[in-house]
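Peer 1: Using only what follows, build the 3D model:
(chains A, B, C and D)
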Number of protein chains: 2
Amino acid sequence: MLNRTFAALADPTRRRILAHLARGDKCVTHLARPHAMSLPAVSKHLRVLEKAGLLRRRRYGRVHEMKLEAKPLKQAAQWVEEYRKFWEGSLDRLAEYLEKTHKRTGKKGKN
Amino acid sequence: MLNRTFAALADPTRRRILAHLARGDKCVTHLARPHAMSLPAVSKHLRVLEKAGLLRRRRYGRVHEMKLEAKPLKQAAQWVEEYRKFWEGSLDRLAEYLEKTHKRTGKKGKN
DNA sequence: CAAATAGTTAACCAGATGGTTAAATATTCT
DNA sequence: AGAATATTTAACCATCTGGTTAACTATTTG
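Peer 2: Purely as a prediction, here's the structure:
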């Protein structure tokens, strides 16, 4: 799940599409316009996002309305947040690392 | 920047490597052991992570010590967090959406 | 019905990705 | 010096990715 989510987010076009969707649901042509590429290209991006569960599609006649789906984003946020423990406690970790790995003149200070 | 970060995070092997690194810095062989793949494969993964700025490498003789670098993760978290506004206010958005789309009398708006 | 509109599917292409094995490069150990 | 260890580089392969154009399906409109 995270695989597809992160892979989907790795493309700037797709992130822009999501940004637009966050400001209101849009149909394919509408989402395509600001992107200097063909419609099929956008269509593909939308399918990637859909497969990643980042948007849901509803058809109204010939128009496909896209709707942002936040669940995968939440999951991604959760994953990344686990590393907050690390980057907020990084000095402690560094100390621990220095102590454990290199017994060379144990200077364990905090900065 | 986000491109590379998210792309790097899209691979489970790389996420596992980061998880190990978050628990202490490790050298290549050490990081490779739990992954059922060749050393060069792991080496490649490490380079991807390095290029994405997610880790820093220090050489002590022939041993390369890897160290988790949190900045890109922070940036990624920041990006994802922007969508919290959306998924926490999703009901309002939904209401807005319903109002705009369904009660409309066939106007071809360029919203 | 015919034409316009919305969107997808198909076929193709160049380049990236993720893996392999074999060989090369440093560095450390005896 | 020679062997072992840590890691990278090279060459190769299959598959995925992101784009294209052309053709197709489906729906709305005149």
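
Peer 1: Just checking the longest helix along chain A against chain B, any contact.
Peer 2: Longest helix in chain A by number of residues (criterion: DSSP state H): helix A:71-88. Yes. Judged by C-beta under 8 Å from any C-beta of the partner chain, helix A:71-88 comes into contact with chain B at A:73-74, A:76-77, A:79-87. Bear in mind the C-beta positions are built from the backbone N, C-alpha and C, glycine included.

Peer 1: Quick one: neighbours of A:Ala8, just the number.
Peer 2: 25 (other C-beta atoms under 10 Å in any protein chain shown).

Peer 1: wait, doesn't it sit right on A:Leu46?
Peer 2: No. Counting by C-beta atoms under 8 Å, A:Ala8 stays clear of A:Leu46, with 10.5 Å between them.

Peer 1: Which parts of chain A belong to which domain?
Peer 2: Per the record, chain A has its domains at A:2-69, A:72-101, by automatic domain parsing.

Peer 1: Do me a favour and get the end-to-end distance for the longest one?
Peer 2: Translated: domain A:2-69. 14 Å (C-alpha to C-alpha, to the nearest Å).

Peer 1: pLDDT value on A:Arg23, please?
Peer 2: Reported pLDDT at A:Arg23 in the predicted model: 87.

Peer 1: Count the neighbours of it for me.
Peer 2: With other C-beta under 10 Å as criterion, A:Arg23 counts 11.

Peer 1: Helices of chain A, start to end?
Peer 2: Going by DSSP H, chain A shows helices at A:2-9, A:12-22, A:28-32, A:39-51, A:71-88, A:90-101.

Peer 1: how about the second one: buried residues?
Peer 2: Going back to what we said before, that points to helix A:12-22. A:Thr13, A:Arg14, A:Arg15, A:Ile17, A:Leu18, A:His20, A:Leu21, A:Ala22 (16 or more other C-beta atoms under 10 Å in any protein chain shown).

Peer 1: how about the residues of chain A that lie near DNA strand C?
Peer 2: A:27-30, A:39-40, A:42-44, A:46-47, A:57, A:62-64 (C-beta under 7 Å from any atom of the strand).

Peer 1: Please repeat the previous calculation with a cut-off of 6 Å.
Peer 2: Counting by C-beta under 6 Å from any atom of the strand, chain A comes close to DNA strand C at A:Cys27, A:Val28, A:Thr29, A:Leu39, A:Pro40, A:Ser43, A:Leu46, A:Arg62, A:Val63, A:His64.
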